[in-house]
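> Please work out how this folds:
(2 chains)
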There are 2 protein chains.
Amino acid sequence: MQAVSNPPVAATPIPGIRHATLAGSAQGIRDLSVWSQVLEPGASTPPHRHRCNEVVMCMAGRGEVHLPGKRISFGADSTVCLPRNELHQIVNTGTEPLHLIAVFGQSPVEVFLPDGSTLELPWSS
Amino acid sequence: MQAVSNPPVAATPIPGIRHATLAGSAQGIRDLSVWSQVLEPGASTPPHRHRCNEVVMCMAGRGEVHLPGKRISFGADSTVCLPRNELHQIVNTGTEPLHLIAVFGQSPVEVFLPDGSTLELPWSS
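Residues are numbered from 1 along each chain as shown, chains lettered A, B, ... in the order given. Take a look at the predicted model:
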């Protein structure tokens, strides 16, 4: 066991999204993953769902979670709980980078697109 | 579902520890808890263990995790993964408040003292 300096959020193939995995299967954990992500202004995740609960903490910036028929807006120092299987998309609606820490009840995290297909993640989780 | 502004870390009966629960059973989640805590310089948690994995992110300050026979020192922007049942104590060894975000694979979080007895938490988790 050791303390590990958080890796810097690094560019990903998803436009405008930088990512770092802070904890998960690489540390031998199967039931928790912790991600740090930065979305540039205007950037968004694809709509997707997980089979696990997700807790999203907004560390800086402003954004929205888009759910079927609903938009939840959030800012720094707020938290959104996303139940398992809830289809969601996170959008940076502000003018500054949106910094999120997302916690999942699963590792590696599985990501499913609206048609049910699996989104292969470009990072280890 | 909604975005909730994080409650301020509030004084607890544990000397030098302020606490806020950001997510957990109050949000209907049983397999994840997220806590924000601030330990004042010199403050420490009691030695304790959980039956779940814990991921501790240091947001600011300097501290140590004391394990049987081992001390792990950490600073801002670092993460420590504590396996289930690992006896641990977190100590602020710095001169500034130590701000931690701790994630658990359980909610409510159960806390056990070294003698196996349950520590009743003074906050809802």
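
> From now on I want contacts and neighbour counts done on CA atoms only, so please keep to that.
Fine.

> Next to chain B in this structure, residues from chain A, please.
Within chain A, the residues that sit near chain B (Cα under 8 Å from any Cα of the partner chain) are A:1-6, A:22-23, A:27, A:29, A:31-32, A:53, A:55, A:72-74, A:77-83, A:103-105.

> Of those, grab the buried ones for ChimeraX.
Restricted to buried positions by 16 or more other Cα atoms under 10 Å in any protein chain shown, the ChimeraX selection for the residues of chain A next to chain B reads:
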select /A:3,4,5,6,22,23,29,31,32,53,55,73,74,77,78,79,80,81,82,83,103,104,105
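
> Which of the residues of chain A next to chain B fall in helices?
Within these, no residue falls in helices by DSSP state H.

> so of the residues of chain A next to chain B, which ones are in strands?
Using DSSP state E to define strands, the subset of the residues of chain A next to chain B located there is A:3-5, A:22-23, A:55, A:72-74, A:78-82, A:103-104.

> Of all pairs in the residues you listed, which one is the farthest apart?
Greatest spacing in those, by Cα to Cα: A:A3 and A:I72 (34.7 Å).

> what residue is smack in the middle of chain A?
Nearest to the mean C-alpha position of chain A, by Cα atoms, centre = their mean, lies A:A102 at 4.9 Å.

> isn't that residue right up against A:M59?
No: at 10.3 Å, A:A102 does not count as touching A:M59 under the criterion of Cα atoms under 8 Å.

> quick one: least confident helix or strand in chain A?
The helix or strand of chain A with the poorest confidence is strand A:3-5; it has a mean of 94 (mean pLDDT, DSSP states H and E).

> could you point out which element follows that strand?
As assigned by DSSP states H and E, the chain's next helix or strand after strand A:3-5 is strand A:10-11.

> so how far is that following strand from its chain's centroid?
Offset of strand A:10-11 from its chain centre (Cα atoms, centre = their mean, to the nearest Å): 14 Å.

> Residues contacting that strand, please?
For strand A:10-11, contacts defined as Cα atoms under 8 Å, 6 or more residues apart in numbering or on different chains pick out A:I17, A:R18, A:H19, A:A20.

> Each with direction, which strands does the helix or strand hosting the third one pair with?
Taking DSSP H and E as the criterion, the element that holds A:H19 is strand A:17-23. Strands that pair with strand A:17-23, judged by DSSP bridges, come out as strand A:10-11 (antiparallel), strand A:33-39 (antiparallel).

> out of those, deepest packed?
strand A:33-39 (a mean of 23; mean count of other Cα atoms under 10 Å in any protein chain shown).

> Now tell me what touches that one from outside.
If you take Cα under 8 Å, 6+ apart as the criterion, strand A:33-39 is touched by A:9, A:16-25, A:91-92, A:97-109, A:125.
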